[in-house]
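**Student:** Okay, here's the prediction I keep looking at, along with the sequence it came from:
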Amino acid sequence: MTEGFDFKVEKEMLALSDGGRVAIRRWGEGKPERIVMSHGNGLAIDGFYEFANVLMDDFEVVVFDMRSHGQSGPGEVMQNPWPRFVKDIPEIYDSIQATFGEKPMHGAFHSLSSIATLMAQSQEPRGWRSLTLYEPPVPPVADEALLEEFEEAHRGLSRRTRARRRRFSGAERLVTSLRRSPTFGGIPDEVIERLAEGMLYRAGNDPEAPYELVCDPDMEANTFDIRLPREWWDGIANVRVPVQVVMGTTLGHDLPVLIRSAAFLAQSFGFETAAVEGGGHLMQMQRPQRSAEHAVRFATAQSENNAA
């Protein structure tokens, strides 16, 4: 745990319109503009603190755990959670503005939350000043060969996730499990330990393994089975907010198809791109300084353009 920092500070539990819950927290304040952050599938935002800490030099930072993740707590296992993930984002945006006060807001979203925010902006837009999206795994439906490669990779993720252990004696056992995956390579020990703590809750059903994953593996696997209709892809053309897509690099990347699909997304819709050298899909935990610099640069440029 980061010394002297309370990861539950200023936590607000948002009741969503379908009865779901999302935990919203403010990690840094006192700045005129705000960056909002969330995480990828199966994870918890507590693992992204070093990334957020860089952003705090220039922005107020508000974070949230997606439904059924982290401090939002366990929730319903949905067969296709994507429509609900997308619907949640405008509600979360409105709640942040109401809870912490109206400010210009930028987004810095990873993977799952980046797709949800991009799709929400195409369907039910909000006043984001900019969106920086870290490897949004939007299915590249306009390229059949790339789409097949993308879907095959996600079928593998889904199969492995359904077979995942669900109960643990403590966070250290989950850390051991995560370390077996190349996806979590290059993440410092203290970061992966904090991430693991955020991914677990004390269920108490088994005295030998009282902790369970907040995000049920079936929910996580159903999320990897990304089912987005073709019209959702076409609707991305409706997004008017400036968007930057940030990718890791091929060298050492755990899922290189995500680089190609993210690049295809950016090229298809004219989004700006940036790269994090030495970063895999979890680049914000592996290379927090460089990852944050891209978000700060892009958000600052859009604010300056807006003021001109």
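**Tutor:** Sure, I can see it.

**Student:** R179 versus V276, what's the distance?
**Tutor:** V276 sits 21 Å away from R179, going by Cβ to Cβ, to the nearest Å. Where C-beta positions appear, they are placed from N, C-alpha and C, glycine not excepted.

**Student:** can you give me the helices for the stretch 1-150 of the chain?
**Tutor:** Per DSSP state H, counting those that start in this stretch, the stretch 1-150 of the chain carries helices over the ranges 49-55, 82-100, 112-123, 144-162.

**Student:** If you could redo that for the stretch 151-300 of the chain, that was the one I meant.
**Tutor:** Along the stretch 151-300 of the chain, counting by DSSP H, counting those that start in this stretch, helices occupy 171-179, 189-199, 217-224, 230-235, 256-269, 283-286, 288-307.

**Student:** Need the winner for burial among those helices.
**Tutor:** Most buried of the helices of the stretch 151-300 of the chain, by mean neighbour count (mean count of other Cβ atoms under 10 Å): helix 283-286, with a mean of 26.

**Student:** now stretch 153-165: mean pLDDT?
**Tutor:** Per-residue pLDDT over stretch 153-165 has a mean of 95.

**Student:** tell me which residues in that stretch are buried?
**Tutor:** 153-154, 157-158, 161 (16 or more other Cβ atoms under 10 Å).

**Student:** my guess is R202 contacts P210, does it?
**Tutor:** Yes. Counting by Cβ atoms under 8 Å, R202 does reach P210; the two are 5.6 Å apart.

**Student:** does M247 really touch P137, like I thought?
**Tutor:** No. M247 is beyond contact range of P137, at 11.2 Å (criterion: Cβ under 8 Å).

**Student:** so what's the closest residue in space to R164 that isn't next to it in sequence up against?
**Tutor:** Among residues not flanking R164 along the chain, P217 sits closest, at 4.5 Å (Cβ to Cβ, 6 or more residues apart in numbering). The neighbourhood of P217, defined by Cβ atoms under 8 Å, 6 or more residues apart in numbering, consists of 161-164, 166.

**Student:** CA atoms only for stretch 256-264 - export them in PDB, please.
**Tutor:** Output in PDB follows, covering the C-alpha atoms of stretch 256-264 (Å, rounded to 0.1, in the frame of the first residue of the first chain):
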ATOM      1  CA  PRO A 256       0.100  -7.400 -30.000                       C
ATOM      2  CA  VAL A 257      -3.300  -7.700 -31.800                       C
ATOM      3  CA  LEU A 258      -4.500  -4.900 -29.500                       C
ATOM      4  CA  ILE A 259      -1.900  -2.600 -30.900                       C
ATOM      5  CA  ARG A 260      -3.100  -3.300 -34.400                       C
ATOM      6  CA  SER A 261      -6.800  -3.100 -33.600                       C
ATOM      7  CA  ALA A 262      -6.300   0.200 -31.600                       C
ATOM      8  CA  ALA A 263      -4.300   1.600 -34.500                       C
ATOM      9  CA  PHE A 264      -7.000   0.600 -37.000                       C
END
